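Peer 1: coordinates only, sequence not included:
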């Protein structure tokens, strides 16, 4: 168990270091394969840790400490990894899906100028994410949290010659920094009260804290989760992050990093349970986000942005799940979502790759006839996303809605939002599908499509897509509440589902039937609107405009934060910098020069004068000593 | 104890030190400067030993030994420099070696 966890954590870091040190001694291909191997080694480590933990007598989890990493008085932090059901589940998802996506990028990034840098970054990302999920105390978790933010920044801005990519990277970093800061503040509160950041100690401390303090801690953690998981109001960075390469979008902005917020809430649930209001606020944020993101996705035209909004919406579901206290259901949806959303991104990547980097869905029409395998893979992912039985999303999404349904009146509101969201999911997903795939290929598609020796892409890209297609179909069968729930049982020692979030069988059935019916209705409406080849249906222009401006969030933040700062800065420049600083600067400089000229006289170059100064100084000191005594 | 009192020793030590210092200040031949330095150091040594005897404590003698070792190494370096200056046919005059003037 121990070896597996450390192997899992450090294999990707070794990959990064080797690629960075190797430089041009590795061919570009070799760098790609090295990164792939390192992540698959990490996956092997995760499987090792998982098997060991499964055969262990207690599943409560063990912390292994390598050495004391930081010590300040009583406060002590070890470099430690935690192996428990929750962390092994995340390790398997991160390293498993991560390995497939890195393999995919060997084909996707082929021919890029700076492949080595890409692969160094991406295996560094996998290391950071594993540090986040394996970290044995809250400080290591925060360190991983910051490092995934860093590697996300580096990878979004990977094509640094594009100004839009650089701007998107900065936006993501700043938005995430807000969350990092609130999280750090809540850790400070914990340190002040317990002098420790071990999970167990912190959770015990939370039991004895005053309501204000525990609410503050939970709010800070929620702030971190909201920023990292792109929930309202810190969501605007995620759609822009699609400027990065597609495998990055699949790995970081769909499968792993953006779901870290869900993991955080599940991991620190004892704190959130002491601050139940904050936890429910989290669920409410999730419900709001899933609706808003679903609506915005209806009018987007960039294939990756549509999927990005869909990701926000699905993470909204997970927030509802963990917010009402159904941690296992939230984590289950996290897992299935990692499968089908990575699949959707990678299928979209196949299209983008084949069409010379075109991302506008209006130009892709009819490509399904030329790329049938991609079409079927995308269809499987889409059905899983909408939650049609027997695809993966059906099992995980419906159980979240059912869990919410059980929880008082607000639970019903959350569940209603989830059901409306299911309709929207069906609508936007199949709007995308019906616009892109069926019909006669357009001239644009015929002209721009590159065939890879008659295939739809290189083998390194097709294999991961195939594996994920299978997982998107069968991945959800692992748990079918209320009939069998091995995942819930597995997570029970660390994150037991709250009693208020245990739905009755009738509620499960109602949620499933309604969600599937509404999903089908969404698909039906999409077929009616877009199935016959009309590309855009502009009705309700005001609503359309609002949606196309994404509810004016960017504009509002611009007016609220950027404009005042810019005005302040320009006023400071005209009223302070120019009259004061720029006026005094030269005077200071000239003064220094004059003093230097004066002092220069003492530097005669004659040894004797130096000795004279020395002797005089000594004599003065001696006289002073004698006089003072 | 026999012999003159400590004041005599200190007087001679101060005289030696002042002589050396004067030499360092006014002479221009580097060899004489080094010689004067030695006289200063030995003035210091004399004071140390006088104090050591006066206080009945061996520490001053140890200090004096250390100063001798330092003086020896300093002379090595200094004479080495003099030889190097001579080899390059430069004037043996410390005032003309003033490259570092500000």
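Peer 2: Arrived safely. Keep in mind it's a predicted model, so treat the numbers as computed, not measured. Numbering: from 1, shown residues only, chains lettered A, B, ... in the order given.
Peer 1: pLDDT (mean, whole number) over the helix or strand hosting residue A:621?
Peer 2: In the assignment (DSSP states H and E), residue A:621 maps to helix A:607-628. Here helix A:607-628 scores 89 as its mean pLDDT.
Peer 1: output the contacting helices and strands for it.
Peer 2: In this structure, helix A:607-628 packs against helix B:6-26, with contacts taken as 3 or more Cβ pairs under 8 Å, 6 or more residues apart in numbering or on different chains; DSSP states H and E. Heads up, the C-betas are built off the backbone N, CA and C, glycines and all.
Peer 1: recalculate using a threshold of 10 Å.
Peer 2: Under the contact criterion of 3 or more Cβ pairs under 10 Å, 6 or more residues apart in numbering or on different chains; DSSP states H and E, helix A:607-628 touches helix B:6-26, helix B:30-55.
Peer 1: state whether residue A:71 is indeed within a strand.
Peer 2: Yes. Under DSSP: H, G, I helix; E, B strand; the rest coil, residue A:71 falls within a strand.
Peer 1: show me the contacts for residue A:248.
Peer 2: A:101, A:105, A:108-109, A:118, A:121-122, A:125, A:151-152, A:154-156, A:158, A:241-242, A:254, A:257, A:345 (Cβ atoms under 10 Å, 6 or more residues apart in numbering or on different chains).
Peer 1: rewinding a little: mind checking the helices and strands packed on helix A:607-628 for the one nearest to residue A:286?
Peer 2: Comparison of the helices and strands packed on helix A:607-628 against residue A:286 by Cβ to Cβ identifies helix B:30-55 as nearest, at 82.6 Å.
Peer 1: narrow the contacts of residue A:248 to those in helices?
Peer 2: A:101, A:105, A:108, A:118, A:121-122, A:125, A:151-152, A:154-156, A:345 (DSSP state H).
Peer 1: and those residues, which are buried?
Peer 2: Buried subset of these (neighbour count, 16 or more other Cβ atoms under 10 Å in any protein chain shown): A:101, A:105, A:108, A:118, A:121-122, A:125, A:151-152, A:154-156, A:345.
Peer 1: in the stretch 451-600 of chain A, what residue comes closest to chain B?
Peer 2: Residue nearest to chain B within the stretch 451-600 of chain A (Cβ to the nearest Cβ): residue A:600, separated by 4.1 Å.
Peer 1: thinking again about what came up before, how about residues contacting the helix holding residue A:621?
Peer 2: Taking Cβ under 10 Å, 6+ apart as the rule, helix A:607-628 contacts A:602-604, A:606, B:21, B:24-28, B:30, B:33, B:37, B:94-95, B:97-98, B:100.
Peer 1: max pairwise distance over the buried ones among the ones in helices among the contacts of residue A:248: which two?
Peer 2: By the measure Cβ to Cβ, A:154 and A:345 form the most distant pair in these, at 18.7 Å.
Peer 1: what about the lengthiest helix in chain B, near chain A?
Peer 2: Longest helix in chain B by number of residues (criterion: DSSP H): helix B:59-87. No. Using Cβ under 10 Å from any Cβ of the partner chain, helix B:59-87 never reaches chain A; the gap is at least 11.7 Å.
Peer 1: quick one: that helix to helix B:30-55, angle?
Peer 2: Here the directions of helix B:59-87 and helix B:30-55 differ by 180 degrees (axes from the mean of the first three to the mean of the last three Cα atoms, to 10 degrees).
Peer 1: what comes up buried for helix B:59-87?
Peer 2: Buried residues in helix B:59-87, defined by neighbour count with 16+ other Cβ under 10 Å: B:60, B:63, B:64, B:71, B:78, B:82, B:85.
Peer 1: same check, this time on stretch A:498-514
Peer 2: Of all the residues in stretch A:498-514, those buried under the rule 16+ other Cβ under 10 Å are A:498, A:501, A:502, A:503, A:507, A:508, A:510, A:511, A:512, A:514.
Peer 1: closest to residue A:483 out of the residues you listed?
Peer 2: Closest approach to residue A:483 among the buried residues of stretch A:498-514 (Cβ to Cβ): residue A:508, at 9.5 Å.
Peer 1: any idea how far residue A:466 is from the closest one?
Peer 2: Plainly put, residue A:508 is 32 Å away from residue A:466 if you go by Cβ to Cβ, to the nearest Å.
Peer 1: residue contacts, the residue in the stretch 301-450 of chain A positioned nearest to chain B?
Peer 2: Here the stretch 301-450 of chain A gets closest to chain B at one residue, residue A:357, 63.6 Å apart by Cβ to the nearest Cβ. Applying Cβ under 10 Å, 6+ apart to residue A:357 gives the contacts A:246, A:448.
Peer 1: hang on, it in a strand?
Peer 2: No. Counting by three-state DSSP, residue A:357 is not part of a strand but coil.
Peer 1: thought residue A:435 was touching residue A:364?
Peer 2: Yes. Between residue A:435 and residue A:364 there is a contact at 7.6 Å, judged by Cβ atoms under 10 Å.
Peer 1: so what sits against both of the two?
Peer 2: Residues touching both residue A:435 and residue A:364 by Cβ under 10 Å, 6+ apart: residue A:303.
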